[in-house]
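*Asks:* Here is a sequence together with a model predicted from it:
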Amino acid sequence: MKWWQKAVVYQIYPRSFQDSNGDGIGDIRGIIERLDYLEKLGINAIWLSPVYQSPNDDNGYDISDYEAIHPEFGTMEDMNELIAEAQKRSIRIVMDLVVNHTSDEHHWFQEAKKGKDSPYRDYYIWRDPVKGKEPNDLKSTFSGSAWAYDKTSDQYYLHLFSEKQPDLNWKNEKMRQDIYNMMNFWLEKGIGGFRMDVIDLIGKEPDEKITGNGPRLHEFLQEMNRKTFGHYDVMTVGETWSATPENAELYSGSDRGELSMIFQFEHIALDQESISKWALKDLDLVELKQVLSKWQIALGETAWNSLFWNNHDTPRIVSRWGNDQAFRVESAKCFAVLLHLMKGTPYIYQGEEIGMTNRPVRNISEVNDIESINMYKEEMRNGKTAEALLNAINYKGRDNARTPMQWNDQENGGFSTGEPWLAVNPNFTEINVEQTLADEQSVFYMYKDLIQYRKENETVVRGSYNLLLPDHQSVFVYERVYNENRLLVIANLSTEENTVELPEISKESTIRFSNYDRQVVDAKQCTLAPYECFVVDVK
Ligand SMILES: OC[C@H]1O[C@H](OC[C@H]2O[C@H](OC[C@H]3O[C@H](O)[C@H](O)[C@@H](O)[C@@H]3O)[C@H](O)[C@@H](O)[C@@H]2O)[C@H](O)[C@@H](O)[C@@H]1O
């Protein structure tokens, strides 16, 4: 087994984690200061969202120099120190790799823009106008056309995200080699791997309007593996919105020479009506169970799953599908147990381990995220009401998960002595790390216990998965089996009590995790309290 198959990964969004110099922006020294906290939690790796040089049109996902640290985050010396200090605590640093696009301020694009004869022109994707307009109707994820007009050359360039994020042309061999050199620069520093931003898009065929899963995608990934991380004992995880259980094996099959695993998003899209994340609908728990179980079984023996509920692009799970009011602690623990006992590598997004919640806004002026702002402007022009749009932003907007980490009940939640770049959630006085560490029953200790359990328990790492009660509307039950060992995981994802019949449980069985201090189980008539979860080690 590889180290990352037994690991738990913690995602840090550096802008919002810990500010060490009072400028209101989290930084690398702030992360170093908090490594002891992460060691206490027990995680094995940190996925570090981008800290590279960037004009910050998309908070660092628009990189202008891959081999420089943005001064607001610190220096390369700080970065080297972070890698070394993390290593001392057996924590590896997984860098975010954003190579579907660069910033328009990257020197490659600056050169490419100079004209059609520029040696860097073909590093990007340019097309002539069609009948004086965009080459086709491809849309940007951040609203509007995916083509931007360049007056100097009378051509359009492709940007699947903001205009300041031009897409790289992966068909250009020299560009690919430059990317590989940059990746080796980071690998030689001793990092633990890469999280690969929208990597399913690099094989795009924009003329055919193919974006995800393009024809040369896997050829590029195999070449990347051969020329870079394939020579190191590191993990790689690809962000792949277009992945299906069928093609997941192509990315992460053990004999494929591509990635360790991918992030799939099928469960994440279950509360939307259409391809648009803003078209909201209620979550159907039966569907959630079906989707997660499908991935557990499909990748069971041949590839490897990543497990996550939220990240810096998605709302916080306790506010999204849990209950962040009366049952905040119970529901946060329920989702923790459900995820961490599945097969795959679990990811924790900063603050999830203390049950941090979404932060609603009342006015668009309070929003920082480019995706939400662009959508709001476009939909206001289309006649939607501000109320409806703010409702969608409060449910799905990316700022929800990006508010600063809540360390204590002091000024700005202990995140910064200066004015934070994004307002701290006002509930920091009740929900914060200091409070959670002082309470043995807190969400934090459930996460810590789950992480420790995975380290010691072969059934969690290797066991097969089987869904029980698939049609129950509120209760999620599954079992994990490895040799003679069997774990039964039960969670009531509802504010109501629910009574279910469970498989027979012998008297010798023990309850391993419980968020209600449950001592006994009557399998025939098991009544679950609101958001109750427990795990039985079946003997
Ligand atoms: O570097 C640019 C961003 O790259 C990553 O995230 C990509 C975006 O992922 C989602 O959007 C993709 C859409 O995919 C499918 O079409 C679904 O049907 C839609 O519902 C999805 O919206 C998120 O919604 C976006 O917020 C992401 O940008 C990074 O993780 C981002 O931080 C970067 O901004």
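*Replies:* Perfect, I can see it now.
*Asks:* three-state assignment of the spatially most central residue of the chain?
*Replies:* What sits nearest the mean C-alpha location of the chain, by Cα atoms, centre = their mean, is residue 311, with 3.5 Å. Following DSSP: H, G, I helix; E, B strand; the rest coil, the label given to residue 311 is coil.
*Asks:* Tell me the spacing between it and the ligand.
*Replies:* 7 Å (Cβ to the nearest ligand atom, to the nearest Å). Placement of C-beta: from N, CA and C, glycine included.
*Asks:* Enumerate every residue touching that residue.
*Replies:* Taking Cβ atoms under 8 Å, 6 or more residues apart in numbering, we find residue 311 in contact with 11, 263, 347, 349, 401.
*Asks:* Return the member of those nearest to the ligand.
*Replies:* Closest approach to the ligand among the contacts of residue 311 (Cβ to the nearest ligand atom): residue 263, at 9.2 Å.
*Asks:* What about the closest one, how many residues nearby?
*Replies:* Number of residues near residue 263 (other Cβ atoms under 10 Å) recorded here: 21.
*Asks:* And residue 87, by the same measure?
*Replies:* By other Cβ under 10 Å, 13 other residues sit near residue 87.
*Asks:* And residue 5, by the same measure?
*Replies:* As a burial measure, residue 5 scores 15 neighbours (other Cβ under 10 Å).
*Asks:* for the ligand, what are the nearby residues on the stretch 251-400 of the chain?
*Replies:* Proximity of the stretch 251-400 of the chain to the ligand (Cβ under 6 Å from any ligand atom) is limited to residues 269, 275, 277, 312, 313, 371, 398.
*Asks:* Could you rerun that using 8 Å?
*Replies:* Residues of the stretch 251-400 of the chain lying near the ligand by Cβ under 8 Å from any ligand atom: 265, 269, 272, 275-277, 311-314, 370-371, 396, 398.
*Asks:* Single out whichever of those residues has the smallest pLDDT.
*Replies:* Ranked by pLDDT, these bottom out at residue 275, which scores 87.
*Asks:* tell me the SS of that residue?
*Replies:* Recorded secondary structure, residue 275: coil (three-state DSSP).
*Asks:* Could you count how many residues lie near it?
*Replies:* Residue 275: 8 surrounding residues under other Cβ under 10 Å.
*Asks:* Tell me the residues on this structure that lie near the ligand, please.
*Replies:* Applying Cβ under 8 Å from any ligand atom, we find that the chain lies next to the ligand at 49, 58-59, 61-62, 98, 100-101, 141-142, 161, 165, 197-198, 239, 241-242, 265, 269, 272, 275-277, 311-314, 370-371, 396, 398.
*Asks:* tell me how far the helix or strand bottoming out on mean pLDDT in the chain is from the chain's mean position?
*Replies:* Ranked by mean pLDDT, DSSP states H and E, the weakest helix or strand in the chain is helix 245-252, scoring a mean of 94. Averaging C-alpha positions (Cα atoms, centre = their mean, to the nearest Å) puts helix 245-252 19 Å from its chain's average.
*Asks:* what does the helix or strand following it rub up against?
*Replies:* Going down the chain from helix 245-252, the next helix or strand is strand 261-263, by DSSP states H and E. Strand 261-263 is contacted from outside by 4, 235-240, 243, 248, 251-252, 303-306, 308, 311, 344-345, using Cβ under 8 Å, 6+ apart.
*Asks:* Which positions within the helix or strand just after strand 261-263 qualify as buried?
*Replies:* For strand 261-263, the following helix or strand on the C-terminal side (DSSP H and E) is helix 285-298. Neighbour-count burial for helix 285-298, counted by 16 or more other Cβ atoms under 10 Å, picks out 285, 288, 289, 290, 291, 292, 293, 295, 296, 298.
*Asks:* circling back to that earlier point, so which elements touch the least confident helix or strand of the chain?
*Replies:* In terms of contacts (3 or more Cβ pairs under 8 Å, 6 or more residues apart in numbering; DSSP states H and E), helix 245-252 is packed against helix 217-227, strand 261-263, helix 285-298.
*Asks:* could I get these as CSV with distance to residue 416?
*Replies:* Output for these, formatted as CSV (distance: least, Cβ to Cβ, whole Å):
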stretch, distance to residue 416
helix 217-227, 37
strand 261-263, 30
helix 285-298, 36
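*Asks:* Can you convert those into CSV and add a column each for distance to residue 432 and mean pLDDT?
*Replies:* Shown next, in CSV, are those (distance: least, Cβ to Cβ, whole Å; pLDDT from 0 to 100):
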stretch, distance to residue 432, mean pLDDT
helix 217-227, 41, 98
strand 261-263, 28, 98
helix 285-298, 30, 97
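*Asks:* hmm, back to that, what's the distance between the residue nearest to the centre of the chain and residue 232?
*Replies:* Residue 311 sits 24 Å away from residue 232, going by Cβ to Cβ, to the nearest Å.
*Asks:* quick revisit: figure out which of the helices and strands packed on helix 245-252 is closest to residue 420.
*Replies:* Nearest to residue 420 among the helices and strands packed on helix 245-252 is strand 261-263 (27.8 Å), distances taken as Cβ to Cβ.
*Asks:* ok, and what's touching stretch 295-307?
*Replies:* The set of residues external to stretch 295-307 that reach it, using Cβ under 8 Å, 6+ apart, is 5, 237, 245-246, 248-249, 251-254, 260-264, 266-267, 339-340, 342-347, 464-465.
*Asks:* how about a cut-off of 7 Å?
*Replies:* With contact meaning Cβ atoms under 7 Å, 6 or more residues apart in numbering, stretch 295-307 is reached by 5, 237, 245, 248-249, 252-254, 260-264, 339, 342-347, 464-465.
*Asks:* Equivalent analysis for stretch 243-260, please.
*Replies:* Counting by Cβ under 7 Å, 6+ apart, 4, 200, 213, 218, 221-222, 225, 230, 235-238, 240, 261-262, 264, 294-295, 298-299, 302-304 sit against stretch 243-260.
*Asks:* Please apply the same query to stretch 525-539.
*Replies:* In contact with stretch 525-539 (Cβ under 7 Å, 6+ apart) are residues 323, 327, 330-331, 333-334, 337, 341, 475, 486-500, 502, 505-506, 508-516, 518, 521.
*Asks:* Look through the stretch 101-250 of the chain and state the residue closest to the ligand.
*Replies:* The stretch 101-250 of the chain approaches the ligand most closely through residue 241 (3.9 Å), counting by Cβ to the nearest ligand atom.
*Asks:* whoops, I mixed them up, the stretch 351-500 of the chain
*Replies:* Closest point on the stretch 351-500 of the chain to the ligand, by Cβ to the nearest ligand atom, is residue 371, at 4.8 Å.
*Asks:* I'd guess that residue is in a strand, am I close?
*Replies:* No. Judged by three-state DSSP, residue 371 forms no part of a strand; its state is helix.
*Asks:* and residue 105, how many residues sit next to it?
*Replies:* 16.
*Asks:* swap that for residue 16, please
*Replies:* For residue 16, the count of nearby residues is 26 (other Cβ under 10 Å).
*Asks:* do the same with the one 5 residues further on
*Replies:* Residue 21 has 14 neighbouring residues, counting by other Cβ under 10 Å.
*Asks:* And the one 10 residues further on, by the same measure?
*Replies:* Here the number of neighbours of residue 31 (other Cβ under 10 Å) works out to 26.
*Asks:* do the same with residue 441
*Replies:* Count around residue 441 with other Cβ under 10 Å applied: 12.
*Asks:* Now it: closest residue in space that isn't a chain neighbour?
*Replies:* Sequence neighbours aside, residue 329 is the residue nearest to residue 441 in space, at 7.8 Å (criterion: Cβ to Cβ, 6 or more residues apart in numbering).
*Asks:* For that neighbour, give its distance to the ligand.
*Replies:* As for residue 329, its distance to the ligand is 28 Å (criterion: Cβ to the nearest ligand atom).
*Asks:* any idea how far residue 251 is from that residue?
*Replies:* To residue 251, residue 329 is 36 Å away according to Cβ to Cβ.
*Asks:* Sounds good, over and out.
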